[in-house]
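Student: Okay, predicted coordinates and the sequence, questions at the end:
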Amino acid sequence: ISFLGLLITLIAAYRMARLGGGSPLAGWWAVLLIAGSPVLSGQPFAVRPDMLGVALQTCGLYLVLLALLDKTRAGSRVTWAYVAFGLAICVKQHLLVELVLCTIILVVDRRSPAIPLKFLVRGLALATAIVLVDYGIEWVVTGGEIWNAAFVAAGQVSRIYPGGWGHALLIQYGLTRRNAGFLVLLPMIGLAIVGGKRGTAGKALAFLGVGVIGLVLANLILDLFFNNNGLEVAAFFVSLLSGVFFLICLVFERPTLLRDRVDVILWICLAGELALVFLLAYLSTGSWLNYGIQPIVFAAVLLARAGARAVETLPRARDLWPMGLGALAILCSAYSQVGDTNLEMRNDQAALEQIFSHVKQPRSAAFFADRPGLNRLSGRYDLVYDHWLYRVFETAHLAESRSAWIGRALSSRNLRVVICPTDRPTL
């Protein structure tokens, strides 16, 4: 299901990138940028609903944009868009941004011929009915436990695991670090256009911008060899300058970088999704980088649309050289994340081998306190539980106390070793 969600997302992104007369080049660039984003990580083959929710939201937004561009079948497109939005809420409760923003846009958009409000009302009613029916059926089937899990327990998370500004900034830093290539490519597209169309002054701005933003690229290349966290922090602050240079380019080449309503709406949705990620991270430490997949999809589509226009409008291929450096940054960023993941896996395996060579016990005799997946790999299915999440259900009185069953497991003869990731004296 997760991989199917990725495929649907890529198809919707391809078509979205081509809206308004975009070339196939824009569509394929959007597909490749999304598929190569390190933020996706293992989501396309994980037992998680994230990619399915992203696919539904992306399809819904694509249908709304299509309805705004072509009013001939606007009614059916808006209806199906809200079906997708309703199903997305059934997948994950917080997937509301596109539904809210598209509703506002459809109400505000009164251009002739405008989309009749009856289609919007019908879509909202249908999305509401889908959510109520879905959660109602799950309520009956699970005896009300779905409500407890999705809403009662979820409402306790921010109290038990509060996030705060530190965690919110950590998530923003993680998204920036994993998609430093996006932050390099975005201003590089603008600098290529300005440098190719604005004569000597444009070329001077292009060289200045490339010189500054090139520090991020240099960091990415050095990080491949040295894995220096200090370089990563420096890259984070330098990456902020990318937005400054893009805004400068936007002043000179707005018709190319921000051509039509599709681009404007995509930027609005991107800002809304990033704001939601920051809010969720501020409320709870349960929010992580997987919440940033949806904004990455929109960012990839915007980059692809702008990049394809640069190729079409610049008369000489050599004027695209800043974009070549941006593409190199995308490659280095993705490859660096693969290297980091591989190093983490090797370190974990080495730590396990060292532990079991020391305790001289079979793996089935060990209990990993905070790593339930390792209990499963050791064959101890009776000890597989989510340590972080169980506390939420336990506090909300939706699950029995862990002492009722972990105590029995720890006192059994076939369990000889308890492994904790910290040096705390109690379990």
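Tutor: It's in.

Student: Could I get the contacting residues of residue 332?
Tutor: Going by C-beta atoms under 8 Å, 6 or more residues apart in numbering, residue 332 touches 181, 217, 220-221, 223-224. For glycine as for every other residue, the C-beta is placed from the backbone atoms N, C-alpha and C.

Student: From residue 397, how far off is it?
Tutor: Relative to residue 397, residue 332 is positioned 50 Å away (C-beta to C-beta, to the nearest Å).

Student: In this protein, what helix or strand scores lowest on average pLDDT?
Tutor: helix 229-252 (a mean of 71; mean pLDDT, DSSP states H and E).

Student: Now do whichever helix or strand comes after that one: which elements does it pack against?
Tutor: For helix 229-252, the following helix or strand on the C-terminal side (DSSP states H and E) is helix 254-257. The helices and strands touching helix 254-257, judged by 3 or more C-beta pairs under 8 Å, 6 or more residues apart in numbering; DSSP states H and E, are helix 180-197, helix 229-252, helix 293-313.

Student: go with 7 Å
Tutor: Helix 254-257 sits against helix 293-313, with contacts defined as 3 or more C-beta pairs under 7 Å, 6 or more residues apart in numbering; DSSP states H and E.

Student: my guess is residue 185 meets residue 328, correct?
Tutor: No. Using C-beta atoms under 7 Å, residue 185 is not in contact with residue 328; the gap is 9.4 Å.

Student: quick one: which of those two has more around it?
Tutor: The residue with more neighbours, out of residue 185 and residue 328, is residue 185; 29 against 17, by other C-beta atoms under 10 Å.

Student: which residue packs closest to that one, ignoring adjacent ones?
Tutor: residue 326 (3.4 Å; C-beta to C-beta, 6 or more residues apart in numbering).

Student: Now do that neighbour against residue 303, distance only.
Tutor: Between residue 326 and residue 303 the computed distance is 9 Å (C-beta to C-beta).

Student: Looking at the two, which is more packed in?
Tutor: More crowded of residue 326 and residue 303, by other C-beta under 10 Å: residue 326, with 27 against 23.

Student: And that one, which helix or strand is it part of?
Tutor: Going by DSSP H and E, residue 326 is part of helix 321-359.

Student: quick one: low-confidence parts of the stretch 201-350 of the chain?
Tutor: Applying pLDDT under 70 to the stretch 201-350 of the chain flags the ranges 226-239.

Student: what's the burial count for residue 116?
Tutor: 14.

Student: pLDDT score for it?
Tutor: pLDDT for residue 116: 83.

Student: swap in residue 68?
Tutor: On the pLDDT scale, residue 68 is placed at 90.

Student: for whatever helix or strand comes next after the helix holding residue 326, packing partners?
Tutor: Using DSSP H and E, the helix or strand that follows helix 321-359 towards the C-terminus is strand 366-368. Where contact means 3+ C-beta pairs under 7 Å, 6+ apart, strand 366-368 is packed against helix 372-377, strand 417-419.

Student: In the longest one, which residues are buried?
Tutor: Going back to what we said before, that points to helix 372-377. For helix 372-377, a neighbour-count test (16 or more other C-beta atoms under 10 Å) marks 372, 374-375 as buried.

Student: Over to the shortest one?
Tutor: Along strand 417-419, the positions that meet the burial threshold by neighbour count (16+ other C-beta under 10 Å) are 417, 419.

Student: if I look at the closest residue to residue 207 other than its chain neighbours, how far off is residue 321?
Tutor: Excluding the flanking residues, the one nearest residue 207 by C-beta to C-beta, 6+ apart is residue 195, at 7.7 Å. As defined by C-beta to C-beta, residue 195 lies at a distance of 9 Å from residue 321.
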